[in-house]
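Student: just need the structure, nothing else, for what follows:
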Amino acid sequence: MPIDTHLDATPADITASAVDVGKVKTAVDEAEIDVSRANRTLQSGELQGETAEQVKTAVGLKERQC
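Tutor: Here you go, the predicted model:
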């Protein structure tokens, strides 16, 4: 069974899409780093109280999902 590999795009369109994918990857990588830093700050005990505990739990869960 043949695979259709035809793209209705110019080489410039394909290059632009690759650049956009690279930007998205960079943004996701940076978000992962930010979540990790936030979790370390929260786990350090600098923030206290009921809300801090809830945020600690939520951020810890998000970090594990990265």
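Student: CA only for contacts and neighbour counts going forward, please
Tutor: Noted.
Student: go ahead and name everything in contact with the worst-scoring helix or strand of the chain on mean pLDDT.
Tutor: Sorting the helices and strands of the chain by mean pLDDT, DSSP states H and E puts helix 50-65 at the bottom, at a mean of 86. Identification of contacts with helix 50-65 by Cα atoms under 8 Å, 6 or more residues apart in numbering yields 32, 35-36, 38-39, 42-43.
Student: tell me the predicted confidence for residue 28.
Tutor: On pLDDT, residue 28 comes in at 92.
Student: burial count for it?
Tutor: Using other Cα atoms under 10 Å, residue 28 has 13 other residues around it.
Student: check the secondary structure at residue 38 for me.
Tutor: helix (DSSP: H, G, I helix; E, B strand; the rest coil).
Student: let me have the contacts of helix 50-65 in a markdown table, adding neighbour count as columns.
Tutor: As requested, those are arranged in a markdown table below (neighbours: other Cα atoms under 10 Å):
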| residue | neighbour count |
| --- | --- |
| 32 | 16 |
| 35 | 17 |
| 36 | 18 |
| 38 | 17 |
| 39 | 20 |
| 42 | 19 |
| 43 | 16 |
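Student: next, the angle from the host helix or strand of residue 41 to helix 50-65.
Tutor: According to DSSP states H and E, residue 41 maps onto helix 11-43. Angle of helix 11-43 versus helix 50-65, following axes from the mean of the first three to the mean of the last three Cα atoms, to 10 degrees, is 140 degrees.
Student: tell me which residue is most central in the chain.
Tutor: residue 28 (2.7 Å; Cα atoms, centre = their mean).
Student: in the helix holding residue 41, what counts as buried?
Tutor: For helix 11-43, the neighbour count (16 or more other Cα atoms under 10 Å) marks 32, 35-36, 38-39, 42-43 as buried.
Student: equivalent analysis for stretch 46-56, please.
Tutor: Within stretch 46-56, the residues that qualify as buried are residue 56, counting by 16+ other Cα under 10 Å.
Student: ok so, going back, just name the closest of the contacts of helix 50-65 to residue 22, please.
Tutor: Distance ranking of the contacts of helix 50-65 against residue 22, using Cα to Cα, places residue 32 first at 15.4 Å.
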